[in-house]
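**Student:** build the 3D model from these lines:
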Amino acid sequence: MKTIRKFPLLTSTVFLVLFLSIFLSFRTNVVTSIDYTVLAWFQDIRTDIVYTIMNGFAFIGSTNVVVILTIAVIVILLLTRSSWVDIFYTAIVMSMTGILNTVAKFSIARIRPEDFMMVDLSSYSFPSGHTMGAASFYSVLAFLIWRRTDHRPTRIVIVIFSTVMILLMGVSRLFLGVHYPTDVLGGFFLSGAILTFFYWLLYKRRA
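**Tutor:** Numbering: from 1, shown residues only. Below you'll find the predicted structure:
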């Protein structure tokens with residue numbers, strides 16, 4: 001039973017190790033070569049229609065939109081008199097996502113892939129903020145809905161929807177050339193660490 005309760009903490013540790021592995025390796029020749037190869041491939045398949053779609057995802061994943069969506073979820077939780085744990089989990093995960101992304105960006109100070117950028121951005125590159133925001137928000141959303149329904153089709157739909165949104169957000173950053181693939185992977189891993197750590201802390205550790 002103790003092992004089961006500690007599994008999310010173990011998962012969080014694995015995500016953190018993966019994040020640190022990306023950070024420690026992205027300057028190596030091999031990883032740099034992979035980063036540029038992937039970006040060059042996305043550059044070759046660019047079209048105006050896809051650009052419009054990917055730019056739409058950039059808007060959806062912007063800080064202002066994510067903050068508004070998070071507040072909307074918290075308000076709904078309050079109005080439906082949900083448990084304080086669900087409310088706090090949503091608030092702390094999204095807050096720490098923003099804080100740790102900012103701290104990591106300024107601490108690591110990786111310059112964006114300027115040769116590939118379709119959008120002018122002056123902020124640092126690693127890890128991807130859009131990817132982190134999407135991974136955290138849509139994972140929390142799926143988790144909250146999952147907890148509130150036993151209807152299998154609904155659970156399947158929300159998991160598929162959240163997964164697609166998270167993956168497309170990452171792909172959009174590569175298509176627009178504003179992030180290296182390692183920035184996106186780093187964002188996934190750091191968000192995964194945040195999500196699973198606070199899940200363990202608030203739900204499993206208290207059990």
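
**Student:** leaving out chain neighbours, which residue sits closest to residue 154?
**Tutor:** Nearest residue to residue 154 in three dimensions, chain neighbours excluded: residue 145, at 7.2 Å (CB to CB, 6 or more residues apart in numbering). C-beta coordinates here come from the backbone N, C-alpha and C atoms, glycine included.

**Student:** in this structure that neighbour contacts residue 156, no?
**Tutor:** No - judged on CB atoms under 8 Å, residue 145 makes no contact with residue 156 at a distance of 11.2 Å.

**Student:** anything in contact with each of these two?
**Tutor:** Between them, residue 145 and residue 156 share no contacting residue under CB atoms under 8 Å, 6 or more residues apart in numbering.

**Student:** those two: which is more packed in?
**Tutor:** Using other CB atoms under 10 Å as the criterion, residue 145 and residue 156 rank with residue 145 on top: 17 against 10.

**Student:** against which helices or strands is the helix or strand encompassing residue 187 packed?
**Tutor:** If you go by DSSP states H and E, residue 187 is part of helix 181-199. Applying 3 or more CB pairs under 8 Å, 6 or more residues apart in numbering; DSSP states H and E, we find helix 181-199 packed against helix 2-25, helix 29-44, helix 84-108, helix 129-148, helix 152-175.

**Student:** so what's the residue nearest to residue 154 up against?
**Tutor:** Contacts for residue 145 (CB under 8 Å, 6+ apart) come out as 154, 155, 158.

**Student:** quick one: the last one from residue 67, how far?
**Tutor:** So the one you mean is residue 158. 22 Å (CB to CB, to the nearest Å).

**Student:** which other helices and strands does the helix or strand where residue 56 lies contact?
**Tutor:** Here residue 56 is covered by helix 48-60, with elements defined by DSSP H and E. Judged by 3+ CB pairs under 8 Å, 6+ apart, helix 48-60 is in contact with helix 152-175.

**Student:** how far off centre is the helix it packs on?
**Tutor:** 11 Å (CA atoms, centre = their mean, to the nearest Å).

**Student:** and it, what's buried?
**Tutor:** Across helix 152-175, burial judged by 16 or more other CB atoms under 10 Å covers 158-159, 162, 165-175.

**Student:** other SSEs contacting the lowest-mean-pLDDT helix or strand in the chain?
**Tutor:** In the chain, no helix or strand scores lower on mean pLDDT, DSSP states H and E than helix 2-25, which sits at a mean of 89. Other elements packing on helix 2-25 under the criterion 3+ CB pairs under 8 Å, 6+ apart are helix 181-199.

**Student:** between the helix it packs on and helix 84-108, how big is the angle?
**Tutor:** Using axes from the mean of the first three to the mean of the last three CA atoms, to 10 degrees, one finds that helix 181-199 and helix 84-108 are set 150 degrees apart in direction.

**Student:** nothing else from me, thank you.
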